[in-house]
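Engineer: 3D model of this:
(one chain, ligands or ions: 1)
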Amino acid sequence: MATFTIGKKDWNKIINYARARYTSEKDEIGGMAVVNPVPNEDTYLISHPTILKQETSGGNCVLDKEALAAYYVDMALKHGNDVQFMWWHSHGNMGAFWSGTDTRTMDEYASGAWSVFLVVNIKEEYKFRIMAWKPQQMYIDTDLEILGVTEKKIPNSITKEVEEQCSTRVWSTVKSGKLNGKQTSLLDTNVYGDDFGIYGGYNGYNEYPHVGDTLTKYNGRSWACSAVDELNDHYMDGTLQYKDYVEAISDLNGELVKVKSTIRVHCESEGMLFHAAQHKYPYQFLEDIAVKETQWQLT
Ligand SMILES: [Zn+2]
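Structural biologist: Predicted coordinates for the structure are as follows:
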């Protein structure tokens, strides 16, 4: 199998893009690189990593379609029509792994017989995938040969370029509350209009959408159900990171305590959350501590 190599300067550039965006916004960042065969060797060289105009968040980065189209044209002119491309992106300080969003995004880059993909984090961990599209779809995660060692400081030129090319994603839709697939009366989108930016720069409970009615001692269950439903959706689509999820759950419980509600929201472990959010109803994340205490007394 062919080997894939990248020079240390180009590797550093990718890591520095990742660090720059993580340092300023705690966001991901992504871009492209050129892949050329090394003459007379079963080796490909990855070079010219770059970023393009894009929208970023803590769990996603989406390259601007027009900017990408222009990039392909530009690279074909510079490197010839046979040039291949690598889509790369960062996961901030999270693990370097392929998320569901990532594998779906790969399909959008299908061209020719094969493509390569790279995901990195700021600790320089990575996953590198060779994806064959023809004659049948298959992939292998393999090593990328990095030629040389890496530096630590982010050059100012990189910080500046990242600022110019990236805008932070602001959530512009609010989803209606669902409970077993039915609309609950507590969360009415009309209350907030269609542009209630919920997780744009999530920083604690005050930015959390209060679900319609004010929380009282008596409506804690339905109030928390809507809130958990919303948080789970955002966790699953990658727009809310686990640490922010935990913080939000803790804030929800704080509010429930304040109004003397006996409802509490259970926070799943990081390993279990995705599965739980997919397979459980929101109310299954709740417990009533009053009921629990009674049961204790009975036994
Ligand atoms: Zn990813």
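Engineer: contacts and neighbour counts: CA atoms only from here.
Structural biologist: Noted.
Engineer: just so I have it, where are all the strands in the stretch 51-200 of the chain?
Structural biologist: Using DSSP state E, counting those that start in this stretch, the strands of the stretch 51-200 of the chain run over 54-57, 60-63, 84-90, 114-120, 126-132, 138-142, 145-147, 166-168, 178-179, 182-183.
Engineer: State the distance from Ser226 to Leu252.
Structural biologist: Ser226 sits 11 Å away from Leu252, going by Cα to Cα, to the nearest Å.
Engineer: for the chain, which spans come out with low pLDDT?
Structural biologist: 149-152, 170-213, 292-299 (pLDDT under 70).
Engineer: Can you list the residue ranges for helices in it?
Structural biologist: Applying DSSP state H to the chain gives helices spanning 8-25, 65-79, 100-108, 156-165, 189-192, 220-236, 242-258, 270-279, 289-298.
Engineer: Could you dump these into TSV with distance to Pro37 added?
Structural biologist: As requested, those are exported to TSV (distance: least, Cα to Cα, whole Å):
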stretch	distance to Pro37
helix 8-25	16
helix 65-79	11
helix 100-108	21
helix 156-165	27
helix 189-192	54
helix 220-236	38
helix 242-258	40
helix 270-279	40
helix 289-298	64
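Engineer: how near is Thr168 to Gln54?
Structural biologist: Going from Thr168 to Gln54 by Cα to Cα gives 9 Å.
Engineer: so what are the domain limits for this structure?
Structural biologist: The record's domain split for the chain, according to automatic domain parsing, is 3-168, 178-298.
Engineer: Which of the strands of the stretch 51-200 of the chain sits closest to Phe274?
Structural biologist: Closest approach to Phe274 among these (Cα to Cα): strand 60-63, 16.5 Å.
Engineer: Walk me through which strands that closest one pairs with, and which way each runs.
Structural biologist: Sheet pairing here is set by DSSP bridges, and for strand 60-63 it gives strand 54-57 (antiparallel).
Engineer: before we move on, back to that, please identify which of the helices of the chain is closest to Asn36.
Structural biologist: Among the helices of the chain, helix 65-79 comes nearest to Asn36, with 8.5 Å by Cα to Cα.
Engineer: Mind listing what's buried along the closest one?
Structural biologist: 68, 72, 75 (16 or more other Cα atoms under 10 Å).
Engineer: which among those gets closest to Glu125?
Structural biologist: Glu125 lies nearest to Leu68 out of the buried residues of helix 65-79, by Cα to Cα, at 25.8 Å.
Engineer: Spit out the contact partners of the closest one.
Structural biologist: The contact partners of Leu68, taken as Cα atoms under 8 Å, 6 or more residues apart in numbering, are Leu52.
Engineer: returning to what we had before: neighbour count: Thr168 and Gln54, which is higher?
Structural biologist: Comparing Thr168 with Gln54 by other Cα atoms under 10 Å, the one with more neighbours is Gln54, at 22 against 16.
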